[in-house]
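Participant: Attaching a predicted model along with its sequence, questions to come.
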Amino acid sequence: MASVRLAPAVETDIERWRAVLGRNAEHYLKHFERHERSGRRWLPGWNSAAFVHSSGWFWYRRMYGLSLLNVLAPFLLVGAIVALASWLNLGGSPEERFAVSTWIYLAVMFILVPVFADSLYYRALRVRGDNARPPSSWTLTGALLLGILGVLLVIAVAIPAYSGYTPRAKVSEGVSIAASLRAPIAEFHAKHRRLPGPEEAKKFSYGEPMHYTASVAWDAARKAIVVTMADRFQGKRFEIAAEEKGGTLEWTCRTIDLEPKYLPGACR
């Protein structure tokens, strides 16, 4: 591959960088040339190594602070979103916030980081100046260890979190459908000043096919919309109970024989 040639004014910097870039130097030099010519602080590009494992790539290129930040990013992001949602008094269950955090993390780690990785490296070398050093066997070892650590974190955190999130997502189908029956029951109560009795219960049931739910129907004896699950929770039930207070209805979501941990956060 032909070497990148720049104007004499920047050739000294480029030759100095070539000595510290090591492997794949021409890729970085081409990007650095664009920076020198444009004068811009950030230029998009693509770095495949940063896409595959950004924490390991940062460590290998001696950007240790960014590497550690990458490792902690999922936890910091979840904490930041939960804190922001509480501060702004936003709605949403913990499961929904976890899902939002996951998508933001994936977008940052697998789109923004590899797109601007070369610019980050360029800025790092500029700051280091004559103190910049090439990657070494030590930084390579650290990158490999971070790769192993990343796999262990997925096993220890992401997989259990996902395995817990998936059942709750299935139960959420019943919660959502049950919530849709609250309005017609409230209308009945406002009109007749009482809750539906056994003879009217059939009018307040959901008749469309459902993926994970066997039935959603008003139970006059329990004074509640009872959800009976299918799929992995076959026959397990929870309810959204109605209580008359001051001429209006107040609703409480609670379990009957479904384990409480599977109820979505908004229904506990």
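Facilitator: Sure thing, it's come through.
Participant: Could you pull out the helices in the protein for me?
Facilitator: Assigned by DSSP state H, the helices in the chain fall at 8-21, 25-38, 48-52, 54-60, 64-87, 94-107, 113-128, 137-153, 159-180, 182-192.
Participant: what about the ones you listed, which gets the closest to Met210?
Facilitator: Set against Met210 and scored by C-beta to C-beta, the helices of the chain come closest in helix 159-180, at 6.3 Å. C-betas here are computed from N, CA, C, even on glycine.
Participant: So for the closest one, mean pLDDT?
Facilitator: Mean pLDDT, helix 159-180: 79.
Participant: Compute the number of surrounding residues for Pro74.
Facilitator: Pro74 has 20 neighbours, counted by other C-beta atoms under 10 Å.
Participant: Spatially nearest residue to it, not counting backbone neighbours?
Facilitator: With sequence-adjacent residues excluded and distances taken as C-beta to C-beta, 6 or more residues apart in numbering, Pro74 is closest to Tyr105, at 5.5 Å.
Participant: if we can go back for a sec, and of the helices of the chain, who's closest to Val226?
Facilitator: Using C-beta to C-beta, these put helix 159-180 closest to Val226, at 8.2 Å.
Participant: residue ranges with poor pLDDT in the stretch 51-200 of the chain?
Facilitator: 82, 85-98, 154, 156-165 (pLDDT under 70).
Participant: related to what we said a few turns ago, highest mean neighbour count out of the helices of the chain?
Facilitator: helix 54-60 (a mean of 25; mean count of other C-beta atoms under 10 Å).
Participant: quick one: contacts of it?
Facilitator: 47, 49-50, 64, 66-68, 70-71, 109, 113-114, 117, 135, 139-140, 142-144, 146-147, 150 (C-beta atoms under 8 Å, 6 or more residues apart in numbering).
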